[in-house]
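In: Here is a sequence together with a model predicted from it:
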Amino acid sequence: MKKSTKIKTWAFFMRLGNRCGCHQREDRSFKIKGWQFPICSRCTGILVGQLLGILIYIFQFRIPIYISCIFLLIMFLDWYIQHKNIRESTNIRRFITGTLAGIAQVAIFIEIIFILVDIFNKMIG
């Protein structure tokens, strides 16, 4: 692939990452062969976690709400500790806590769908 095509492709994905709401800070993003990943390490983790959450559901495993809340709390604490300048997070830690949060988001979303389906079934039932 030509270098100009690589740059255009990279720029497209960078714009897409920005439109998704990621801050895209270079120091908080992974790099692949010198190219900054289009979303930061935490957003990458969230995306990976959401995909894992879907797989977890497909394999018929349900994560309890309290576990999902703990996963979200772990990511919040990592962000908060860094935000208050207590300790700087690392890209690996951001990725791991983001992955947990992404799994939790899918699990909570699925639970909400089940609750709404139950309510709907009782209404028409």
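Out: Great, that's in hand. As the structure is a prediction and not an experimental result, all values here were calculated from the model.
In: from here on, contacts and neighbour counts on C-alpha atoms
Out: Noted.
In: Which residue lies nearest the spatial centre of the protein?
Out: In the chain, the centroid-proximal residue (C-alpha atoms, centre = their mean) is residue 46; its distance is 1.0 Å.
In: Using CSV, write down the CA coordinates of the strand or helix carrying that residue.
Out: Assessed by DSSP states H and E, residue 46 sits inside helix 41-58. Output in CSV follows, covering the C-alpha atoms of helix 41-58 (Å, rounded to 0.1, in the frame of the first residue of the first chain):
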residue,chain,number,x,y,z
SER,A,41,-6.3,3.0,25.3
ARG,A,42,-9.4,3.4,27.6
CYS,A,43,-11.7,3.7,24.6
THR,A,44,-10.0,0.8,23.0
GLY,A,45,-10.6,-1.2,26.1
ILE,A,46,-14.3,-0.2,26.2
LEU,A,47,-14.7,-1.2,22.6
VAL,A,48,-12.9,-4.6,23.2
GLY,A,49,-15.0,-5.1,26.3
GLN,A,50,-18.3,-4.4,24.4
LEU,A,51,-17.3,-7.0,21.9
LEU,A,52,-16.4,-9.5,24.6
GLY,A,53,-19.7,-8.7,26.4
ILE,A,54,-21.6,-9.6,23.3
LEU,A,55,-19.7,-12.9,23.0
ILE,A,56,-20.3,-13.6,26.7
TYR,A,57,-24.0,-13.1,26.1
ILE,A,58,-23.9,-15.3,22.9
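In: Which SSE is immediately downstream of that helix?
Out: Defined by DSSP H and E, the subsequent element after helix 41-58 is helix 65-83.
In: How about residues contacting that next one?
Out: With contacts defined as C-alpha atoms under 8 Å, 6 or more residues apart in numbering, helix 65-83 is touched by 87-89, 93-94, 97-98, 100-101, 103-105, 107-108, 111.
In: Next, the angle from it to helix 41-58.
Out: Interaxial angle, helix 65-83 versus helix 41-58 (axes from the mean of the first three to the mean of the last three C-alpha atoms, to 10 degrees): 170 degrees.
In: how far does helix 65-83 sit from the chain's center?
Out: How far helix 65-83 lies from its chain's middle: 12 Å, per C-alpha atoms, centre = their mean, to the nearest Å.
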